[in-house]
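In: attaching a predicted model along with its sequence, questions to come.
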Amino acid sequence: MKILIIQPKKGMGDMIIYLPYIHAISKNYKKSVSLLVKDNSRAKDLLADDSHIDEIIYVQHHGGSMFRGQPRDPSWSRSASSRPQG
């Protein structure tokens with residue numbers, strides 16, 4: 001089973017605020033999780049060495065709202081970045 005956590009807030013501070021909850025979910029299920037975040041959350045910079053995070057998926061969008069039931073905009077793109085191995 002893979003766990004995806006969606007973090008809809010946009011800033012670095014919001015990412016830090018949600019971090020204890022992300023860790024709690026990871027610990028509860030005893031596995032690292034994937035994160036779906038906005039491109040300006042700086043998640044890759046903040047969480048590169050976090051053992052609770054397996055994958056960071058960035059959603060880049062232009063205008064509109066990403067998580068409020070708006071129709072999908074074809075200009076959205078997805079880029080994935082996995083945690084470095086080592």
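Out: Structure's in. What do you need?
In: so which bits of stretch 25-32 are buried?
Out: Across stretch 25-32, burial judged by 16 or more other Cβ atoms under 10 Å covers Ser26. (Each C-beta comes from the backbone N, C-alpha and C, glycine too.)
In: so what does the biggest strand by length in the chain touch, helix or strand wise?
Out: Ranked by residue count and defined by DSSP state E, the top strand of the chain is strand 53-60. If contacts are counted by 3 or more Cβ pairs under 8 Å, 6 or more residues apart in numbering; DSSP states H and E, strand 53-60 sits against strand 33-38, helix 43-47, strand 77-82.
In: how about 10 Å then?
Out: Under the contact criterion of 3 or more Cβ pairs under 10 Å, 6 or more residues apart in numbering; DSSP states H and E, strand 53-60 touches strand 4-7, helix 12-29, strand 33-38, helix 43-47, strand 77-82.
In: point out where the chain drops to low pLDDT.
Out: 61-86 (pLDDT under 70).
In: repeat that with 90
Out: 1, 7-16, 18, 37-48, 58-86 (pLDDT under 90).
In: most packed of the helices and strands packed on strand 53-60?
Out: strand 33-38 (a mean of 20; mean count of other Cβ atoms under 10 Å).
In: in its sheet, what does that one sit against?
Out: Here strand 33-38 is paired, per DSSP bridges, with strand 4-7 (parallel), strand 53-60 (parallel).
In: got a markdown table for the ones you listed, with distance to Asn40 too?
Out: Output for the strands paired with strand 33-38, formatted as a markdown table (distance: least, Cβ to Cβ, whole Å):
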| stretch | distance to Asn40 |
| --- | --- |
| strand 4-7 | 12 |
| strand 53-60 | 9 |
